[in-house]
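K.L.:
can you look at this prediction? I've put the sequence above it.
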Amino acid sequence: MANPIFGIFRVKELRERILFTLGMLVVFRIGAVFPIPGINVRELSRYFADQVNTGNPIVDYLDFFAGGAFSNFSVFMLGIMPYISMSIIMQLLLIVFPSLKKISQDDGGRKKIKQWQRYGTVIVCIVQSLAVTQYAQAISRSVENLLYVSFFQFSIIAILTVTTGTMFLMWIGEQITKRGVGNGVSLLIYAGIVARLPRAVWELIDAMRRGDLNPVFVIIVLIMFVTVITLVVFEQQGQRKIPVNYAKRVVGRKMYGAQNTYIPFKINPSGVIPVIFASSILTFPLQIAQTVGGNVTWLAAVATALSPRGTLYNILYVLLIIFFAYFYTQVSLNPIEIAKQIRENGGSIPGIRSEKIEEYLTKILNRIVLPGSLYLALIAVIPTFIQWAFKFPTSISYIMGGTSLLILVGVDLDTMSQIEGLLKMHHHEGLVKHGRLRGRNL
């Protein structure tokens, strides 16, 4: 009974949270299979089977982040990415417009901003679902009897169904965060990636059986995979501790003694957020260009230029990761606010004058964020390198590096950290006997 797994299910609160989370993830995976009403699933499956043989990196990329729901034309085919895209837009608006930021800081302001973000998500879903209907029309030109209804009827049904599906996923994510374990939105992305893992492994084995892949290359890539996972764990757990000393102070009739503490700055303060944001920003125009490109010449050229295997895509990907690493760090760890709180509580950093605290913290964060963002960018382009150097299947390449690897490791660490905290709160041992897990607050 000393096994921590038994301890998890002995605690009623934790058991209920885990079972609720698993139940919501099952609903998510079931919805990823149900197709949009009015489409011929058999003909659609045959079309995408031919696409696998000819190769379509853009469809593979979109399908990967939707957990297979995109190629199924399911009610969840847009996944949770529209919500993430809108959250990025809202974060940028809060910085650009001070009046919005002031509203968010007022009583009930955060709830109001959250409501506006939901309305914005509906608009993003409608735009992307319109692109989906155009893509279905393009497929129908080469596939007979793809639609059971007229194109106009299918467009109305698809827009309503897909938009509702994404909003339902957003609700599921919020419920998991509130009543389950872990961050709901991150777990939905995590579940979609894990659902693709069995098929990716089977494709790898099948390629080795046909002789398309050298077993030596497979062993080399697997060693690289394990090494990168280890480095990601160390990088996500690493910290730079800034010492802070607090003098004796009187609060009311009580005197509080001097305290020595520290500010924990992670080596990668923003975690996997820059990679998710960069992927979401690139996925939105990529999906529009891919789905509408058959009707518009210049959009077809954009879709070709933004191919996930192309040079332009990877350059933009790296630049966006670096940008969002700095952007999100400034939003979540504002040196001015931190310095203000230190001074208001009578604290000081050894060797740093009070008026220089902001400058010192900013310099430390800049030194941390730059190598951390470059490290994230390096991992993000690993799938392209694996496909180019070793001719690996697209599905297994995406899992062995890039966004998927960071999400798998990061969400796993965050969820385990929450489980360990709940176990210790109920006077049980944690999941690890030595050391402790640190969550990343996705």
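P.N.:
Here it is on my side, so go on.
K.L.:
next, count neighbours for residue 243.
P.N.:
13 (other Cβ atoms under 10 Å). For glycine as for every other residue, the C-beta is placed from the backbone atoms N, C-alpha and C.
K.L.:
when you give positions from now on, start the count at 568
P.N.:
Done: numbering now begins at 568, and the last item shifts to residue 810.
K.L.:
so which residues of the stretch 718-867 of the chain form strands?
P.N.:
Along the stretch 718-867 of the chain, counting by DSSP state E, counting those that start in this stretch, strands occupy 806-813, 816-818, 821-823, 826-833.
K.L.:
these into TSV, with extra columns for distance to residue 989 and mean pLDDT?
P.N.:
Converted to TSV, these look like this (distance: least, Cβ to Cβ, whole Å; pLDDT from 0 to 100):
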stretch	distance to residue 989	mean pLDDT
strand 806-813	23	81
strand 816-818	32	62
strand 821-823	30	62
strand 826-833	21	78
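K.L.:
which one of those lies nearest to residue 699?
P.N.:
strand 826-833 (38.1 Å; Cβ to Cβ).
K.L.:
pairing partners for the closest one, with directions?
P.N.:
Applying DSSP bridges, strand 826-833 is found paired with strand 806-813 (antiparallel).
K.L.:
report the buried residues of the strand it pairs with.
P.N.:
809, 811, 813 (16 or more other Cβ atoms under 10 Å).
K.L.:
in the stretch 768-917 of the chain, where is pLDDT below threshold?
P.N.:
815-825, 854-864, 866-867, 870, 875-876 (pLDDT under 70).
K.L.:
tell me which stretches of it form helices.
P.N.:
With DSSP state H, counting those that start in this stretch as the criterion, the stretch 768-917 of the chain has helices at 782-804, 840-859, 864-872, 878-899, 902-911.
K.L.:
show me where the stretch 618-767 of the chain has its helices.
P.N.:
624-632, 648-663, 665-672, 676-709, 718-746, 751-777.
K.L.:
turn those into a markdown table, columns for mean neighbour count and distance to residue 608.
P.N.:
Putting those into a markdown table (neighbours: other Cβ atoms under 10 Å; distance: least, Cβ to Cβ, whole Å) gives the following:
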| stretch | mean neighbour count | distance to residue 608 |
| --- | --- | --- |
| helix 624-632 | 22 | 15 |
| helix 648-663 | 18 | 23 |
| helix 665-672 | 13 | 44 |
| helix 676-709 | 17 | 13 |
| helix 718-746 | 18 | 14 |
| helix 751-777 | 18 | 18 |
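K.L.:
which one of these lies closest to residue 583?
P.N.:
So among the helices of the stretch 618-767 of the chain, helix 718-746 is nearest, using Cβ to Cβ, at 8.3 Å.
K.L.:
tell me the angle of that closest one relative to helix 648-663?
P.N.:
70 degrees (axes from the mean of the first three to the mean of the last three Cα atoms, to 10 degrees).
K.L.:
could you give the angle of helix 718-746 to helix 751-777?
P.N.:
Using the same axes, to 10 degrees: helix 718-746 against helix 751-777 is 110 degrees.
K.L.:
show me what helix 718-746 is packed up against.
P.N.:
Contacts defined by 3 or more Cβ pairs under 8 Å, 6 or more residues apart in numbering; DSSP states H and E place helix 718-746 against helix 579-598, helix 648-663, helix 676-709, helix 751-777.
K.L.:
would you mind pulling up the elements that the third one packs against?
P.N.:
Packed against helix 676-709 by the contact rule (3+ Cβ pairs under 8 Å, 6+ apart) you find helix 608-621, helix 648-663, helix 665-672, helix 718-746, helix 840-859.
K.L.:
turn those into JSON lines, including distance to residue 679.
P.N.:
As requested, the helices and strands packed on helix 676-709 are arranged in JSON lines below (distance: least, Cβ to Cβ, whole Å):
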{"stretch": "helix 608-621", "distance to residue 679": "41"}
{"stretch": "helix 648-663", "distance to residue 679": "11"}
{"stretch": "helix 665-672", "distance to residue 679": "6"}
{"stretch": "helix 718-746", "distance to residue 679": "16"}
{"stretch": "helix 840-859", "distance to residue 679": "23"}
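K.L.:
can you tell me which of these comes nearest to residue 905?
P.N.:
It's helix 665-672; of the helices and strands packed on helix 676-709, that one is closest to residue 905 (Cβ to Cβ) at 16.4 Å.
K.L.:
tell me who's in contact with the closest residue to residue 850 other than its chain neighbours.
P.N.:
Closest residue to residue 850 in three dimensions, ignoring its sequence neighbours and counting by Cβ to Cβ, 6 or more residues apart in numbering: residue 648, at 5.7 Å. Going by Cβ atoms under 8 Å, 6 or more residues apart in numbering, residue 648 touches 632-633, 846-847, 850-851.
K.L.:
redo these as TSV? Include distance to residue 913.
P.N.:
What follows is the contacts of residue 648, written out as TSV (distance: Cβ to Cβ, whole Å):
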residue	distance to residue 913
632	48
633	52
846	44
847	42
850	48
851	47
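K.L.:
circling back: among the helices of the stretch 618-767 of the chain, which is nearest residue 617?
P.N.:
helix 676-709 (9.4 Å).
K.L.:
by how many degrees do the closest one and helix 718-746 diverge?
P.N.:
Using the same axes, to 10 degrees: helix 676-709 against helix 718-746 is 140 degrees.
K.L.:
distance from helix 676-709 to the middle of the chain?
P.N.:
18 Å (Cα atoms, centre = their mean, to the nearest Å).
K.L.:
same thing with stretch 667-676?
P.N.:
Worked out by Cα atoms, centre = their mean, stretch 667-676 lies 26 Å from the chain centre.
K.L.:
restricting to C-alpha, output it in PDB.
P.N.:
Provided in PDB are the C-alpha atoms of stretch 667-676 (Å, rounded to 0.1, in the frame of the first residue of the first chain):
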ATOM      1  CA  LEU A 667      -8.400  47.100 -21.600                       C
ATOM      2  CA  LYS A 668      -5.700  46.400 -19.100                       C
ATOM      3  CA  LYS A 669      -7.300  48.700 -16.600                       C
ATOM      4  CA  ILE A 670     -10.600  46.900 -17.000                       C
ATOM      5  CA  SER A 671      -8.900  43.600 -16.400                       C
ATOM      6  CA  GLN A 672      -7.500  44.900 -13.100                       C
ATOM      7  CA  ASP A 673     -10.900  46.200 -11.800                       C
ATOM      8  CA  ASP A 674     -13.300  44.100  -9.700                       C
ATOM      9  CA  GLY A 675     -14.800  41.500 -12.000                       C
ATOM     10  CA  GLY A 676     -12.700  42.700 -14.900                       C
END
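K.L.:
among the contacts of residue 648, which pair sits farthest apart?
P.N.:
633 and 851 (13.3 Å).
K.L.:
the more surrounded of the two?
P.N.:
residue 633 (23 against 19).
K.L.:
would you check how far apart the nearest residue to the more buried one once chain neighbours are set aside and residue 843 are?
P.N.:
Spatial nearest neighbour of residue 633, chain neighbours left out: residue 646 (4.3 Å); criterion: Cβ to Cβ, 6+ apart. According to Cβ to Cβ, to the nearest Å, residue 646 stands 12 Å off from residue 843.
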